[in-house]
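Participant: Build the 3D model from these lines:
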Amino acid sequence: MQSQDVEPRPAPAPEPFVDVEQAEAALVEHYPRLVRLAYLVLPPSLGRNRRVLTAHALTQRALPRGRAETPVIPAQSTGRDGDPGYAFVRLQVLRTALEAGRPLSRKAWPKRSQLPPLLPQVWGLRLFPRSGGADELALDQKLSTLSAPGRAAYVLRGLERLPDGDVRRVLTAVGVTGTDAALEEADTVPAERYPLLDAPEFDPCSLQARPTDLMRRRQHLKAGLATAAALAVCGALLGLPGDGWAPDGAAAPPYAQNPAAQAALDPGRLVRVPALAWQAASRNDFSVWPARGDLTDDTALLRRALAVWARPGQTVHVSATPGTPSGGPAGPAQLLYAGTVDSARVVILYDGLRIARYAEPKDGTQGAALDFARVDGATSAEASAVVLGRSDGNVRYLMAPWVKKAAERDLLKPSSGAMALPLTDGVTSPLSGPARGNGGCTSWNVLELTDRDGTRLLTDLGELVPARLTTGRPGALHEASGAQALRTWAPFACSLSAMRSAGVRTVNAWAYAEQPLPDAGGAADWVCTRAETWRGGGTRTLAQFHTPGGAYGAVAAQGENVPACGPRDPQVLAGVLWKSQTGSWYLLAAGSANTASIRTTGAVSGSARGNLLAVKTKEGARAGLKGTLEDGRTINGLR
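Facilitator: Numbering: from 1, shown residues only. Okay, the predicted model is just below:
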């Protein structure tokens, strides 16, 4: 739970950007600690020599290639506190260390961190840290029994001195889903052993050296020379002239002439749906979109787009929403759009599972980009729009053929009208994105679409397919375009920024309780916002609190991959510390309508019948919540 004054604070400002120089300065300054962090998180089964080299390799590869966005997670130590460069590099080191410990799979290519490091490398020597005492050995053995997330949680607590809340944030940022399980696993190792993490036993920068097996090394050298000669002969044969390939722009060279794969790369086999096919279709989704744009007959452009999709070259910027495969198409794809958008040539393709967007500059292929978004099982509402391009904070969309009109609306201003967006061959005029000023989030512009089924709202969350906004109790959702729905969403629009780039399909806002405030403070609203993703997992739930007269709601509690507020378990319980106008502090809590009673645990003592609770307390008090539903089931407060 978080303390909350009378006036909730607006959504946080944008996360800071870290450039290469700032990250390099942090890496050089804190290199020994970062290498120690990687060494402790890597699985002990690698052996001490490989753990040392891998820890150094992962740390040296932690620099961003350009400007990168990083969450500010306090380092809790002099010299690193509040340094976004250190926070970014630490996240990169931790992420790759966790990846390095995962077993290889036959179904996916190994990641770079899962392979033995090429550099740094020491030939002919084995390197390992100095041996410690019995306590260090016991700690190392105990850590080896933990999972990688459990080790990471223990090391972040003991080495980085992070509280559990920040540990959860760090683990979530590097892709760990079960953060609570990782913390519980870390609890099995006594906290009294934290000082041992600074011991020489775990210092991969203070090393001892021993020779490797000299006879085996000589045999490996002979085998390596023979292999190099064979590869040279094969390379010369492959370089001989033959049928060759046509120019594929920014695509990498193909490795094999597979007939099925080649058919998928033939522009002449692209599926083109008739313009009115959607009117007779039993289901309206991306599969009935016609091909539009002024370059649908540009065979060279279409060939480049398909070739880059199958084999993106090193200069191509590739991105994909979480859970979306980025491999080539299994067969001929469907063409949705090929045309000029602002200063780029854009091709939109669909293969039944994914939307793929290829973009290249008008004057060449240097700087080409390839983006993927998962859209399987899309309904007509979710298949209403696709992002064509972004520039100068504006977005252009390609509309579904069944969309009659489009408009722009500020979600923060429910009483203001919608501004019409002209459509040209299904393409909208530019729609401005959310505006941020010195005071934080000042507007949140959404796309309002009207078709034969009604009016709905979609919002851009930085992905190819905008997310659909809904309101209502789980299991009884409706579009967020009505007057009451707009009023429900208005104070919480800026919280959508926390759901960017997560593969979000829909976001629902459910006003689950209204609570009279103590000391004649009026009535506050409790709203649960839940983001569902295209992949099913990765959901994010926020319980938010809005006081009378406040422009913004405030996040009181949140959960990752929890059933609360969802169709499987439409229940929620959350609490917040609140200060009244008289200066008194209260613990306020609210549950969904079928909550029979609420009680507190921890430093605050109190209980109440029904779904509302207000207990007088003091500033900074920490407490937990337990609720009992009308059917007797017990629920915990969302954290």
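
Participant: Need the per-residue pLDDT for residue 232.
Facilitator: Looking at residue 232, its pLDDT stands at 63.

Participant: Ok, residue 437 next?
Facilitator: If you check residue 437, the pLDDT there is 51.

Participant: Next: residue 178.
Facilitator: With respect to pLDDT, residue 178 scores 88.

Participant: Packing partners of the longest strand along the chain?
Facilitator: As assigned by DSSP state E, the longest strand anywhere in the chain is strand 504-516. Applying 3 or more Cβ pairs under 8 Å, 6 or more residues apart in numbering; DSSP states H and E, we find strand 504-516 packed against strand 467-471, helix 483-489, strand 523-533, strand 585-591, strand 612-617. No exception for glycine: its C-beta is placed from N, CA and C like everyone else's.

Participant: who's in contact with the last one?
Facilitator: The list of residues contacting strand 612-617 from outside it, by Cβ atoms under 8 Å, 6 or more residues apart in numbering, reads 513, 515-518, 575, 577, 584-591, 598-600, 603-608, 623.

Participant: Return the mean pLDDT over that strand, rounded to an integer.
Facilitator: 94.

Participant: same thing with the third one?
Facilitator: Taken as a whole, strand 523-533 carries a mean pLDDT of 95.

Participant: List the pairing partners of that strand within its sheet, with orientation.
Facilitator: Partner strands and pairing direction for strand 523-533 (DSSP bridges) are strand 504-516 (antiparallel), strand 540-546 (antiparallel).

Participant: The ones you listed into TSV, with extra columns for distance to residue 278?
Facilitator: Formatted as TSV, the strands paired with strand 523-533 follow (distance: least, Cβ to Cβ, whole Å):
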stretch	distance to residue 278
strand 504-516	21
strand 540-546	33
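
Participant: Residue ranges in the chain under the pLDDT threshold?
Facilitator: 1-19, 65-82, 103-128, 130-133, 208-248, 252-261, 435-440 (pLDDT under 70).

Participant: Just the helices from the stretch 201-350 of the chain, written as ranges.
Facilitator: Counting by DSSP state H, counting those that start in this stretch, the stretch 201-350 of the chain has helices at residues 214-238, 259-264, 277-280, 299-310.

Participant: and the third one, which residues are buried?
Facilitator: Residues residue 278 are the ones in helix 277-280 that count as buried (16 or more other Cβ atoms under 10 Å).

Participant: again, but for the last one
Facilitator: Of the residues in helix 299-310, those buried by neighbour count under the rule 16+ other Cβ under 10 Å are 301-310.

Participant: would you turn the strands paired with strand 523-533 into CSV with mean neighbour count and distance to residue 321?
Facilitator: What follows is these, written out as CSV (neighbours: other Cβ atoms under 10 Å; distance: least, Cβ to Cβ, whole Å):
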stretch, mean neighbour count, distance to residue 321
strand 504-516, 21, 9
strand 540-546, 24, 14
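
Participant: Secondary structure element for residue 34, which one?
Facilitator: Taking DSSP states H and E as the definition, residue 34 sits inside helix 31-41.

Participant: For that helix, C-alpha coordinates in PDB please.
Facilitator: Coordinates of each C-alpha in helix 31-41 appear next as PDB, following Å, rounded to 0.1, in the frame of the first residue of the first chain:
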ATOM      1  CA  TYR A  31      32.300  -2.800 -12.900                       C
ATOM      2  CA  PRO A  32      33.500  -5.000 -10.000                       C
ATOM      3  CA  ARG A  33      30.100  -5.000  -8.400                       C
ATOM      4  CA  LEU A  34      28.200  -5.600 -11.700                       C
ATOM      5  CA  VAL A  35      30.500  -8.600 -12.500                       C
ATOM      6  CA  ARG A  36      30.000  -9.900  -8.900                       C
ATOM      7  CA  LEU A  37      26.200  -9.600  -9.400                       C
ATOM      8  CA  ALA A  38      26.300 -11.600 -12.700                       C
ATOM      9  CA  TYR A  39      28.600 -14.200 -11.100                       C
ATOM     10  CA  LEU A  40      26.300 -14.800  -8.200                       C
ATOM     11  CA  VAL A  41      23.100 -15.100 -10.400                       C
END
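
Participant: Convert the C-alpha atoms of the next helix or strand after it to PDB, please.
Facilitator: Downstream of helix 31-41, the first helix or strand assigned by DSSP H and E is helix 48-60. Extracted C-alpha coordinates of helix 48-60, given in PDB (Å, rounded to 0.1, in the frame of the first residue of the first chain):
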ATOM      1  CA  ARG A  48      33.800 -21.500 -11.500                       C
ATOM      2  CA  ASN A  49      36.000 -20.900 -14.600                       C
ATOM      3  CA  ARG A  50      33.100 -20.500 -17.000                       C
ATOM      4  CA  ARG A  51      31.100 -18.500 -14.500                       C
ATOM      5  CA  VAL A  52      34.000 -16.000 -14.200                       C
ATOM      6  CA  LEU A  53      34.400 -15.600 -18.000                       C
ATOM      7  CA  THR A  54      30.600 -15.500 -18.600                       C
ATOM      8  CA  ALA A  55      30.100 -12.800 -15.800                       C
ATOM      9  CA  HIS A  56      32.700 -10.600 -17.400                       C
ATOM     10  CA  ALA A  57      31.300 -11.200 -20.900                       C
ATOM     11  CA  LEU A  58      27.700 -10.300 -19.900                       C
ATOM     12  CA  THR A  59      28.800  -7.200 -18.100                       C
ATOM     13  CA  GLN A  60      30.900  -5.900 -21.000                       C
END
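
Participant: helices or strands next to helix 48-60 in the packing?
Facilitator: Judged by 3+ Cβ pairs under 8 Å, 6+ apart, helix 48-60 is in contact with helix 31-41, helix 84-100, strand 125-129.
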